[in-house]
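Enquirer: Make a model of this:
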Amino acid sequence: MKEQMSRRTALKWGLLGLETVTLGKAIQFLEGYRYDSTFKVEFDGNNERLSFNECAQLARRFDRLYDSLPESRPSMTKEDLVNWAVEVIPMFEYEGFVAPARWPKRDEVGFFAFASGGDHNHILGRSNCGSYAILNYRVANEHSSWFQDDDTITAFIHELAHVQQGPECAQSVQRVENTAQIMTLEVSSALVNQGNLEVLPSLISELRGMAISSAYAAALEDKDLGKYIHLRGQLSPGAISRAKFEKSTRRWSENPARLKDILNFYNVQPLLMTMNAIRFNNNQIQDLALPREQLYQSGSMLSYRPVKTYKLEDLAYFLKNAEAIVVDSKKDWPPLKK
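Expert: Got it, this is the predicted structure:
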């Protein structure tokens, strides 16, 4: 016979449950767990590695934000890319990454149809760190599944970041790509914080993608792909999404080392670097693959000064206030051309 629990017993068990939760939180605190109000993530105390759980929390956060936005299809023409270059390039100087900003040739900003199957399917953009910044023609081809993809704007900002790096692109691919991705996040956040709503969906999509890809990398390192498949199924359900993932899995099973590099260079490492800079170094980051000196004006004199530290203040602000910014953005949606 099922006994009815007395009020006193219920209170006792309720308090015991509360004590258990409190004890669990205390143990996590002692083990280094910390909830961060900027990232909205509970970190496990290991600041040298992103755990699957940390990445999953961030992925779920930005997936919710992404799903709450109305659909966005950025216009993608040659003129659009030129105009984006004009809008973005001075921001690299304004945000303190370079001085002066570097410009590609106008007629070498545009789209390129990659002939090889590998490049056609895996290269979203490319730059020679000097004269050109291009995107894969698929994003401008209305018959392609890549047409007007959300990630297009941040992808182009990433390629323009390479132009700013110039001769520093001779450093390791890892450092070059880490740096370009960090610059992309900061400049994109700066544009959003100035009220450029066209960049907002692309920035959220980029952060979401970086978190999901970092969760993928962590699951592979843990040798537990099942938890990633479960996460991915929650965030991107459906047969078509599953088919895309299965096709990608078959492809990269032939070259797991290259997959690991892509996940690390473009996602895990820049995400970890920005997290540590914002959480522990007052939004400041060092050791980026950028020119060592910047042009500085003092009165009527121009001179070069060494620069070693860069600020991620706009990214930190956006991360802390993303929910409120998304809610407010809907008042003026779609973004108006004023």
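Enquirer: Spatially central residue in this protein, please.
Expert: With distances taken as Cα atoms, centre = their mean, residue 207 lies nearest the centre of the chain, 3.2 Å away.
Enquirer: what about the residue lying closest to it once chain neighbours are set aside, helix or strand, and which?
Expert: Setting aside the residues directly before and after it, residue 207 is nearest to residue 62 in space (Cβ to Cβ, 6 or more residues apart in numbering), at 4.8 Å. C-beta here means a position set from N, CA and C on the backbone, and glycine is covered the same way. Using DSSP states H and E, residue 62 falls within helix 52-68.
Enquirer: Kindly report the same for residue 274.
Expert: Residue 274 belongs to helix 269-280, assigned by DSSP H and E.
Enquirer: by contact count, what packs against the helix holding residue 62?
Expert: strand 41-43, helix 200-222, helix 225-235, helix 313-329 (3 or more Cβ pairs under 8 Å, 6 or more residues apart in numbering; DSSP states H and E).
Enquirer: Only C-alpha atoms, please: export the next helix or strand after that helix in CSV.
Expert: Using DSSP H and E, the next helix or strand after helix 52-68 towards the C-terminus is helix 78-94. In CSV, the C-alpha atoms belonging to helix 78-94 read as follows (Å, rounded to 0.1, in the frame of the first residue of the first chain):
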residue,chain,number,x,y,z
LYS,A,78,29.9,42.0,-56.3
GLU,A,79,28.7,45.5,-55.3
ASP,A,80,27.7,44.1,-51.9
LEU,A,81,31.2,42.8,-51.2
VAL,A,82,32.8,46.1,-52.2
ASN,A,83,30.4,47.9,-49.9
TRP,A,84,31.1,45.5,-47.1
ALA,A,85,34.8,46.1,-47.6
VAL,A,86,34.3,49.8,-47.3
GLU,A,87,32.2,49.4,-44.2
VAL,A,88,34.5,46.8,-42.4
ILE,A,89,38.2,47.6,-43.3
PRO,A,90,38.5,50.9,-41.3
MET,A,91,37.1,49.0,-38.3
PHE,A,92,40.3,46.9,-38.0
GLU,A,93,42.1,50.1,-37.3
TYR,A,94,39.4,51.6,-35.1
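Enquirer: Relative to the whole chain's centre, how far out is helix 78-94?
Expert: In this view, helix 78-94 has its centroid 19 Å away from the chain centroid, taken as Cα atoms, centre = their mean, to the nearest Å.
Enquirer: Okay, buried residues for that helix please.
Expert: 80, 81, 84, 85, 88, 89, 91, 92, 93 (16 or more other Cβ atoms under 10 Å).
Enquirer: Chain neighbours aside, what residue packs nearest to the fourth one?
Expert: In space, and not counting its chain neighbours, residue 85 is closest to residue 109: 5.4 Å by Cβ to Cβ, 6+ apart.
Enquirer: The one you found contacts residue 133, correct?
Expert: Yes: using Cβ atoms under 8 Å, residue 109 makes contact with residue 133 at a distance of 5.6 Å.
Enquirer: More neighbours: which of the two?
Expert: For residue 109 versus residue 133, the count of surrounding residues by other Cβ atoms under 10 Å is larger for residue 133: 29 against 25.
Enquirer: Tell me if I'm right that that one and residue 107 touch.
Expert: No: using Cβ under 8 Å as the test, residue 133 is too far from residue 107 to be in contact (11.8 Å).
Enquirer: Please report how far residue 304 lies from residue 292.
Expert: Distance, residue 304 to residue 292, using Cβ to Cβ, to the nearest Å: 9 Å.
Enquirer: same thing with residue 180?
Expert: Counting by Cβ to Cβ - residue 180 and residue 292 are separated by 17 Å.
Enquirer: higher neighbour count, the two?
Expert: More neighbours surround residue 180 than the other of residue 180 and residue 292, with 27 against 10 (other Cβ under 10 Å).
Enquirer: Can you tell me the element the closest residue to that one other than its chain neighbours falls in?
Expert: Leaving aside its chain neighbours, residue 180 sits nearest to residue 161 (4.1 Å; criterion: Cβ to Cβ, 6+ apart). For residue 161, the enclosing helix or strand under DSSP H and E is helix 152-165.
Enquirer: just to revisit the earlier point, CSV for the buried residues of helix 78-94, including pLDDT and distance to residue 154?
Expert: Listed next are the buried residues of helix 78-94 as CSV, based on pLDDT from 0 to 100; distance: Cβ to Cβ, whole Å:
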residue, pLDDT, distance to residue 154
80, 97, 14
81, 97, 13
84, 98, 11
85, 98, 14
88, 98, 10
89, 98, 15
91, 98, 13
92, 98, 14
93, 97, 19
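Enquirer: Which one of these is nearest to residue 322?
Expert: residue 91 (19.2 Å; Cβ to Cβ).
Enquirer: Tell me who's in contact with the nearest residue to that closest one once chain neighbours are set aside.
Expert: Nearest residue to residue 91, sequence neighbours excluded (Cβ to Cβ, 6+ apart): residue 187, at 4.8 Å. For residue 187, the contacting residues are 88, 91, 92, 95, 97, 157, 161, 314, by Cβ atoms under 8 Å, 6 or more residues apart in numbering.
Enquirer: Quickly note the distance from the first one to residue 248.
Expert: Using Cβ to Cβ, residue 88 is found at 29 Å from residue 248.
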